[in-house]
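Enquirer: just the structure for this:
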Amino acid sequence: MNTSRTPINGNRRSGYWFRRGHRWIGVSLLFFVILLAVTGITLNHGDKLGLDRRFVSWSWVLNAYGIEMPSQLTSYADAGHRATLVGERLFIDGRDVDQRVSTLAGFVALGPMLLAAGENAVHLLTPGGDLVEVIELVGLPGPIDRVGRIGGQAVVQSAGSLLRSDDDIAVFTPWHDVATAEIQWSVSTPPTASELAVLELAYRGRGLTVERVLLDLHSGRILALPGTLLMDIVGVFLIVLGMSGLVISRSRNRRENGARNDKESGS
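Expert: Just a heads-up that it's a prediction; the model follows:
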């Protein structure tokens, strides 16, 4: 009798620790299951929530991602307004105008309009920084070197050649009868400390989307390689949890069926 009871006791002991391990794995993974569920559901509705258009402004998160404003920038000021190129993002009075340009050759105010010159095009904007039109200057002998104004007209210089706009700043034509001394050329000037502070806030504030943070949380990439490995381990344990739950369920069903059969045979 002692020999027959030993396997039973061993099976019960192993079953106890198996169920206990299953329970502890489930409790330990609860946080990650909630995290994966919440981020997954939110990302599934990312288009409706506009997650790719919402930006993170918390400094500690931006610092963690290493998002810093470049030290090199090009800036021009005229008539109380300032245009600044940070990287390839154009800012007017500290506001990102959603225009990507490789260079900023100059900036002038022309009546109710602001004109910022890129490499081979000029951007017309309102004083509030809203884009009105981008005018491509076809046939330039080279990139735009500088931009200025004479009266209410814009002047663009490229490889020694000049183009002048009409009064509506809609058409640019070659200009040969030039009185260059009368042209007010745009000259680069550095932003003030307060302007730099506004620029940095605007630049960093639109450098990281909520969608990217949620994706990195979901995948673990927010903690770089250790986070990715952690989520891999979580995935493995979720598989173990599911398999162990299946084993426990089948074992319980067998016991219940056995007990029912014993009861029926006894009756």
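
Enquirer: so G139, which state does it fall into?
Expert: coil (DSSP: H, G, I helix; E, B strand; the rest coil).

Enquirer: distance of it from R82?
Expert: Remark: distance between G139 and R82 (CB to CB, to the nearest Å) = 30 Å. (Glycine included, C-beta is placed from N, CA and C.)

Enquirer: of those two, who's got more company?
Expert: R82 (20 against 10; other CB atoms under 10 Å).

Enquirer: give the contact list for that one.
Expert: The contact partners of R82, taken as CB atoms under 8 Å, 6 or more residues apart in numbering, are 75-76, 92-94, 107, 191, 195.

Enquirer: which one (most neighbours) among those?
Expert: Among these, F107 has the most neighbours (other CB under 10 Å), with 28 neighbours.

Enquirer: quick one: contacts for that one?
Expert: Listed by CB under 8 Å, 6+ apart, the contact partners of F107 are 76-78, 81-83, 114-117, 147, 186.

Enquirer: tell me, how many residues neighbour P174?
Expert: 9.

Enquirer: what sits closest to it if chain neighbours are left out?
Expert: Nearest residue to P174 in three dimensions, chain neighbours excluded: L163, at 5.8 Å (CB to CB, 6 or more residues apart in numbering).

Enquirer: with W175 instead?
Expert: Excluding the flanking residues, the one nearest W175 by CB to CB, 6+ apart is R164, at 4.0 Å.

Enquirer: what's downstream of the helix or strand containing that neighbour, the next helix or strand?
Expert: Assessed by DSSP states H and E, R164 sits inside strand 161-165. Reading on from strand 161-165 to the C-terminus, the next helix or strand found by DSSP H and E is strand 172-174.

Enquirer: downstream of that following strand, the next helix or strand is which one?
Expert: Following strand 172-174 toward the C-terminus (DSSP H and E): strand 184-185.

Enquirer: paired strands for that following strand, with orientation please.
Expert: Next to strand 184-185 in the sheet, as set by DSSP bridges, lie strand 146-150 (antiparallel).

Enquirer: beta partners for R164?
Expert: When bridges are called by DSSP bridges, R164 pairs up with V155, T173.

Enquirer: residue contacts, it?
Expert: 150, 153-156, 172-173, 175.

Enquirer: give me the buried entries from these.
Expert: Neighbour counting by 16 or more other CB atoms under 10 Å classes 150, 153-156, 172, 175 among those as buried.

Enquirer: hmm, which two among those are most spread apart?
Expert: I150 and F172 (13.1 Å; CB to CB).

Enquirer: now the helices for the stretch 151-267 of the chain?
Expert: 193-205, 210-219, 224-266 (DSSP state H, counting those that start in this stretch).

Enquirer: point out the most buried one among those helices.
Expert: Using mean count of other CB atoms under 10 Å, the stretch among those with the greatest mean number of neighbours is helix 210-219 (a mean of 18).

Enquirer: could you give the mean pLDDT of that helix?
Expert: Confidence for helix 210-219, expressed as mean pLDDT, is 80.

Enquirer: could you do stretch 49-65 as well?
Expert: When pLDDT is averaged over stretch 49-65, the result is 75.

Enquirer: got the CA coordinates for that stretch in CSV?
Expert: Output of stretch 49-65 as CSV, limited to C-alpha atoms (Å, rounded to 0.1, in the frame of the first residue of the first chain):
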residue,chain,number,x,y,z
LEU,A,49,-7.5,59.7,-32.7
GLY,A,50,-5.0,61.5,-34.9
LEU,A,51,-2.1,59.9,-33.0
ASP,A,52,0.3,60.7,-35.9
ARG,A,53,-0.7,64.4,-35.5
ARG,A,54,-0.4,64.7,-31.8
PHE,A,55,2.9,65.5,-30.3
VAL,A,56,4.6,64.7,-26.9
SER,A,57,5.8,67.8,-25.1
TRP,A,58,7.1,66.3,-21.9
SER,A,59,10.8,67.3,-21.6
TRP,A,60,11.9,64.1,-19.9
VAL,A,61,10.4,62.0,-22.7
LEU,A,62,12.0,64.1,-25.4
ASN,A,63,15.3,63.9,-23.5
ALA,A,64,15.0,60.1,-23.4
TYR,A,65,14.6,60.0,-27.1
